[in-house]
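[1] got a sequence here, can you build the structure:
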Amino acid sequence: MVMALLLVVLAAGCWESASAAATLSQLKATLTVTASPTPNQGTDAVVYTDLRLMFLCLLHDVITVTWSLNATAGTDAEYKKVKVSLCYAPVSQKGREWRKTHDDLKKDKTCQFKVTEQAYAATGTVEYRVALDIPTATYFVRAYALDASGTQVAYGQTLPGATFDVVSITGVTTSIKVAAAVFSTFSVASLAFFFYIEKRRKNN
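    Okay, here's the model as predicted:
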């Protein structure tokens, strides 16, 4: 009985410790994070009717993110992975509960778009192509250092003034919808014709 109670107390202590570690206010800001585009520069995630134009445009919609360990951070022995995310800036959170910042990282809705999660290195760079489904908003970038269990143990983010805008534009016109319907019908007809030919070949 005593042993069982001891195990319960220890388990509760571990659970509380793990829960406390998952709050942003208790994490040390040991990572320096920078990102392009430059402050207040916009980037477009656009769907074009012309595939050639779409390729040329998306070629420029790349964000380069770099992170490094602060000189005064101390040891980073427990850092096993780094997770980088695209986060809503305060101006794009107003009046939107689904983007609300919460100190409890399990409830936090600020950083919803993962840029990368990879093995930790004291310095690193990653290029992220803005996905077409990223909502129109003002963003910043945050990086978390994760321990072996995947728990956030430190973080860093771009400076408050280093935000950038993503404008998501969908250019799917009626002509594109009609073309898609025609291609779908053609595909079904072609498949039916193929099965018909195969059946006749087997019968002969």
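
[2] what's the following helix or strand after the helix-or-strand element of the chain with minimal mean pLDDT?
    Of the helices and strands making up the chain, the lowest-confidence element is helix 51-58, at a mean of 38, by mean pLDDT, DSSP states H and E. Note on helix 51-58: by DSSP states H and E, the next helix or strand toward the C-terminus is strand 62-69.

[3] what is the rounded mean pLDDT of that following strand?
    Over the span of strand 62-69, the pLDDT mean works out to 94.

[4] just the C-alphas of that strand, formatted as CSV.
    Below are the C-alpha coordinates for strand 62-69, written out as CSV (Å, rounded to 0.1, in the frame of the first residue of the first chain):
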residue,chain,number,x,y,z
VAL,A,62,10.5,31.3,-50.4
ILE,A,63,11.3,32.2,-46.8
THR,A,64,14.9,31.6,-45.6
VAL,A,65,15.0,30.9,-41.9
THR,A,66,18.2,30.8,-39.8
TRP,A,67,18.8,30.0,-36.2
SER,A,68,21.8,30.0,-33.9
LEU,A,69,22.5,29.4,-30.2
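
[5] need the contact partners of it.
    By Cβ atoms under 8 Å, 6 or more residues apart in numbering, the surrounding residues in contact with strand 62-69 are 30-37, 43, 76, 82, 84, 86, 115-116, 122-130, 141, 143, 156, 164. C-beta: built from backbone N, CA, C; applies to glycine.

[6] just the buried residues of these.
    Among those, those classed as buried by 16 or more other Cβ atoms under 10 Å are 30-33, 35-37, 43, 76, 82, 84, 86, 115, 124, 126, 128, 130, 141, 143, 156, 164.

[7] end to end on stretch 90-102, go ahead and measure it.
    12 Å (Cα to Cα, to the nearest Å).

[8] quick check: mean pLDDT of that stretch?
    Stretch 90-102 carries an average pLDDT of 94.

[9] can you give me the buried ones in that stretch?
    Applying a neighbour-count criterion of 16+ other Cβ under 10 Å, one finds 92-93, 99 buried in stretch 90-102.

[10] contact partners for residue 141?
    So residue 141 contacts 33, 35, 63, 65, 84-87, 115, 157-158 (Cβ under 8 Å, 6+ apart).

[11] what do you get if the cut-off is 10 Å, keeping everything else the same?
    Contact analysis of residue 141 by Cβ atoms under 10 Å, 6 or more residues apart in numbering lists 33-36, 63, 65-67, 84-87, 111, 113, 115, 128, 156-158, 162-164.

[12] one more: residue 99?
    So residue 99 contacts 87-90, 92-93, 109-112, 135, 137 (Cβ under 10 Å, 6+ apart).

[13] of those, buried ones?
    For the contacts of residue 99, buried by 16+ other Cβ under 10 Å: 87-89, 92-93, 110-111, 137.

[14] give me the below-cutoff pLDDT ranges for this structure.
    Within the chain, the stretches with pLDDT under 70 are 1-21, 37-60, 169-184, 186-187, 194, 204.
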